[in-house]
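coords please:
(2 chains)
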Amino acid sequence: MFRDQKQVETALSALGEQLEGIAREPFELLACGGSALQVLGLIQRATKDVDIVAYVRRDERGDPTFMKADPLNPELLLAARKVARDFNLPDNWLNAGPASALDFGLPEGLLGRVVTRQFGTKLIVHFLGRYDQICFKVYAATDQGPGKHLDDLLLLKPTADEIEQAARWSMSHDSSEGYRQSLRDLLEYIGFGDVAQRL
Amino acid sequence: MSPNGFRSLFLENALNFLWRQWSALGLLGEARTEDPWTIDPEAMLLFSLEMGRYEPRLFDEVMDWLVVNGKWLDLQRLRGILQGKEDATRNLLGAAATFLMRERKERRWQNLACKTEVREGATSMESLFYQKDGRPYPLSDKPDPTFLSCGFNRPKLTVRRLTREVPITSHSTIRFLMRALFGLGSRAECLVYLLTHEGGHPAEIAKAIGLSVRGTQDALIDLARSGLVLTRIKGKRKIEYWLSQERWWEFLSRGRMGEIRRPIWIDWIALYNGLSQIWATLDGMSREGISDYMRSSRLRDSLEAVGSEFSKSGLDIPPIPGRDVRPEDYEKAFEAFIIHVFGAS
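Here you go, the predicted model:
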C-alpha cells in the first residue's frame, strides 16, 4: 500500500535499480490511476498499485508510439516481484489493469500533458496529466458507479468543458446506449446536467 | 554496514566456525567441542577449501589433517557432494587430492586429482590465497608444483603432522566411530542417520546422507538382515527403517550411557551449500558500487535462494528474515541471522 507520493517514488526508484541489472533495453511506461495522481500531487489518498496503460516505444527519430502493456514484459515482472518482496507490496503492485484503454485510443495529445520521471537509465514513467486523468476517471466512474473513481474525479475539480470532452472520449470506448445513459446519470449526479443534456 | 563490512562479518564468522569444527576433529592437536551435532567431514572439507583461501593457516592445517586422517574420508560421498559445484571448488579438491597422492602415496585419491601436467617454469597462475579484503596474495616465484598443476600458485606446502587422530569418543564424531566399525560407505552413513532419527525410508535417507538411493537401499536391506536394524510400514507401502536407540547407544557408549550425548543430525550438505552461495553473493557485491537498497535486495536474493537449505538443515535457527522486514532494516536482520547460523547450538 502506498500512503503517499514518496512511497510510490521509492518503489519506482527501486524498480529502476532492479531493471539496471535485469533489463536489456530501457522501459518507458505510461501510468495512470491513484499512484499517478499522488505523484502529480493532485490527490492524497492511499493506493495499492501502479496501473500501467501502455509502453511507449520510440522509433529511430524518437517519435513515440503506444504499445499494449498486457501482459507485462517478463523482465519488468521479475524486477517488480523483487520490489514487491523487498517492500512487502502485493505481487501485482505494478499491473497492466487499464491496458485495454489502448484498444480504442487514448485522448489526443496525451503525451504533451504527461509528467515524466526517470528512474535510473532503464526506467522512464510518464504519469497521465490532470485532463487525461479526468478522461479515465469519467470512464471508470461510469462503468463502476460510485466509489474511488468518482471520488477522484470530484477531487480533480473538472470544468464543464473538461467533463464534456472527457465524456465524449469515453463514449468512443463504449458506444452503447446503456453506457450513454449511465454517463448522463453520472453527470447529472455530480452537477453537470447541462453537459449531460448535450450528449 | 558497507558491502565490505558484511563480507568481513561473514568471513570471520565462517572461519571461526570452521576452526572450531576442525578442532573437534583433532586439528592442531585439539579435540574440543561443545557443539551438539554430528560433523560431516566431506561437506565441511569442500566449504573449508573455499573459505580457507582467505585464511592460509586454516587451509594448510586442513591439508595436515587430511594427511593424518584422510583415510577416514568417504571419497565416493565426496564425489557426490562435489556434483554441481563450481569449477574452482573442483580444482581446489583436485589440488588437495593430488597433494595427498604424492604425500601419502594413496591411489584412492586418483579420481579426484587434477589431470593436467605441471608446466615447467609456470608461475603466472591464479594465486591460491587471498587476503581477507579480497586482494590476491603475491605470486610465489617458487610455487608448489602440486597446486600449480591444478591452476593455483602457492609457496611449497610442507605438512607438519601436528594433527591428532580423530577422537571417536565424542558425540560429534559418531560418524567416524561408525566408519571405524562398519567401514567407509553407505552402511556407516545409514547408521549415523538412524542413530539420530526416529527412522527413515531409503529415498529420504539417501538424500540426507548424500549417497545414491540404490546403494542406500541395498545397505539398509543388508543391515536389516542383522536384526539390529528394523523395518516397519509407514504410510502407503513405504518401508521405514529404524533401530532401537537405547540399545545401540548403550552399546556405542560401552555401557556408559551418560558419557555420549546423542548428537543432533544436521544436513550439512544443504547448509554448506547455502553458506557457499551467500559467500559468493557477498564477495561479488563488495566489488560493485551499489545502493543501500540494492545491497539489501541482493542479501534477500541470497537468503531466499538458500532458504530451503537452511530450513531443512536441522539447525535451531530462526526463519530467514521475511517480507515484513523493510529494506532499511534488512541488513541488520541479515547480520543477526548469519551470526545466529554460525553460533547456533
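
pull out the buried residues from stretch B:74-90.
B:74-78, B:80-82, B:89-90 (16 or more other Cβ atoms under 10 Å in any protein chain shown). No exception for glycine: its C-beta is placed from N, CA and C like everyone else's.

what about stretch A:70-90, average pLDDT?
Stretch A:70-90 shows a mean pLDDT of 94.

gap between the residue nearest the centre of chain A and chain B?
Among the residues of chain A, residue A:32 comes closest to the average C-alpha position under Cα atoms, centre = their mean, at 1.3 Å. Using Cβ to the nearest Cβ, to the nearest Å, residue A:32 is found at 26 Å from chain B.

since we're on the one residue in chain A that gets nearest to chain B, how many residues are nearby?
Ranked by Cβ to the nearest Cβ, the top residue of chain A for proximity to chain B is residue A:88, at 4.4 Å. For residue A:88, the neighbour count with other Cβ atoms under 10 Å in any protein chain shown is 13.

could you find the closest non-adjacent residue to it?
residue B:323 (4.4 Å; Cβ to Cβ, 6 or more residues apart in numbering or on different chains).

can you pull the contacts of that neighbour?
The neighbours of residue B:323, taking Cβ atoms under 8 Å, 6 or more residues apart in numbering or on different chains as the test, are A:85-86, A:88.

now those residues in TSV, with distance to residue B:183 and secondary structure?
Formatted as TSV, the contacts of residue B:323 follow (distance: Cβ to Cβ, whole Å; DSSP: H, G, I helix; E, B strand; the rest coil):
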residue	distance to residue B:183	secondary structure
A:85	48	helix
A:86	51	helix
A:88	53	coil
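
looking at those, spot the one nearest residue B:110.
residue A:85 (46.9 Å; Cβ to Cβ).

any idea whether the closest residue to the closest one other than its chain neighbours is helix, strand or coil?
Nearest non-adjacent residue to residue A:85, counting by Cβ to Cβ, 6+ apart: residue B:323, 5.7 Å away. Put simply, residue B:323 is coil when judged by DSSP: H, G, I helix; E, B strand; the rest coil.

which residues of chain A lie near chain B?
Within chain A, the residues that sit near chain B (Cβ under 8 Å from any Cβ of the partner chain) are A:13-14, A:17-18, A:21, A:82, A:85-88.

quick check, nearest of the buried residues of stretch B:74-90 to residue A:199?
residue B:89 (72.9 Å).

OK, contacts around the closest one?
By Cβ under 8 Å, 6+ apart, the contact set of residue B:89 is B:46, B:49-50, B:82.

okay, the residue lying closest to residue B:223 once chain neighbours are set aside: pLDDT?
Nearest residue to residue B:223, sequence neighbours excluded (Cβ to Cβ, 6+ apart): residue B:229, at 4.0 Å. Looking at residue B:229, its pLDDT reads 95.

then residue B:120?
At residue B:120, pLDDT is 55.

and residue B:3, by the same measure?
Residue B:3 is given a pLDDT of 65.

residue B:304 now?
The per-residue pLDDT reported for residue B:304 equals 80.

what number of residues lie near it?
There are 14 residues near residue B:304, going by other Cβ under 10 Å.

so after the helix ranked longest in chain A, what's the next helix or strand?
Using DSSP state H, we find that the single longest helix of chain A is helix A:5-22. Later in the chain than helix A:5-22, the nearest helix or strand by DSSP states H and E is strand A:27-32.

mean confidence for the next helix or strand after that following strand?
Using DSSP H and E, the next helix or strand after strand A:27-32 towards the C-terminus is helix A:33-39. Confidence over helix A:33-39 (mean pLDDT, whole number) is 90.

and helix A:33-39, what does it pack against?
helix A:5-22, strand A:50-58, strand A:123-127, helix A:130-144, helix A:148-155 (3 or more Cβ pairs under 8 Å, 6 or more residues apart in numbering or on different chains; DSSP states H and E).

by how many degrees do the last one and helix A:130-144 diverge?
Computed by axes from the mean of the first three to the mean of the last three Cα atoms, to 10 degrees, the angle separating helix A:148-155 from helix A:130-144 equals 140 degrees.

which strands or helices does helix A:148-155 pack on?
Partner elements for helix A:148-155 (3+ Cβ pairs under 8 Å, 6+ apart): helix A:33-39, helix A:130-144.

packed most tightly, which of the ones you listed would that be?
Among those, helix A:33-39 has the highest mean neighbour count (mean count of other Cβ atoms under 10 Å in any protein chain shown), at a mean of 24.

which residues sit against it?
A:2, A:4-5, A:8-9, A:43-51, A:97-98, A:115, A:117, A:127-128, A:133, A:136, A:148, A:152, A:156.

and what of stretch B:242-249?
B:191, B:194-195, B:198-200, B:228-232, B:257, B:260, B:262.
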